[in-house]
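1. Have a look at this prediction, sequence included:
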Amino acid sequence: MAAPAPILETERLILRLPEPADFEPWAAFAADEEAARFIGGKQERPVAWRLMSVMAGAWLSRGFGMFSVIEKASGRWVGRVGPWQPEGWPGTEVGWGLVRETWGKGYATEAATAAIDWAFETQGWHEVIHAIEAANTRSQAVARRLGSRLLRQAVLPAPLNTPLDVWGQSRAEWEARER
């Protein structure tokens, strides 16, 4: 029997497993060229559906995956944030992708903090990474706010084959940081 699905709460957000009702806003997010620029690019609805299903399925196959992020004040789906490590990935990642209307509100940092805490507490990770393309300065800023630093370069596995920078920190560094 699978463990109960985690629900994480922050001051402004709820992080929960993806649900079928998330598809419409997820598809709109995936179709936004600017929002999807560094996470695989703009995607048509059938591709967005497959990606949402893959992320939901990661919870069964890995015991973790991206959370749907729900804004408490409005109840709306605003993105996906969380632990991610498909086969061949360059490490144990907590990644983020949020709808443009929420950029600049600190949601990525807030949600990623909760997801990193959860991953370290429940998954036994020793390191958290963030796979960030060199041109993605917004995500680099989030990584810095989380206390991460540039660790190394990597190339994502096929079929992506994307060169990128691996930002991150050890569990000891995460636990020692100022909150």
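-> Okay, I see it.
2. Spit out the contact partners of E173.
-> For E173, the contact set (Cβ atoms under 8 Å, 6 or more residues apart in numbering) comprises G147. C-beta here means a position set from N, CA and C on the backbone, and glycine is covered the same way.
3. go again using 10 Å as the cut-off
-> E173 is in contact with E127, V128, G147, S148, R149, counting by Cβ atoms under 10 Å, 6 or more residues apart in numbering.
4. Can you report how many residues neighbour the last one?
-> Right, the one you point to is R149. Using other Cβ atoms under 10 Å, R149 has 11 other residues around it.
5. hmm, back to that, are any of the contacts of E173 buried, and which?
-> With neighbours counted by 16 or more other Cβ atoms under 10 Å, the contacts of E173 contain buried members at E127, V128, G147, S148.
6. From what I see, the last one and A131 are in contact.
-> No - using Cβ atoms under 10 Å, S148 is not in contact with A131, being 11.4 Å away.
7. Now do the shared contacts for the two.
-> In contact with both S148 and A131: V166, W167, G168, using Cβ under 10 Å, 6+ apart.
8. can I get those residues in JSON lines with neighbour count?
-> Shown next, in JSON lines, are those (neighbours: other Cβ atoms under 10 Å):
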{"residue": "V166", "neighbour count": "19"}
{"residue": "W167", "neighbour count": "22"}
{"residue": "G168", "neighbour count": "26"}
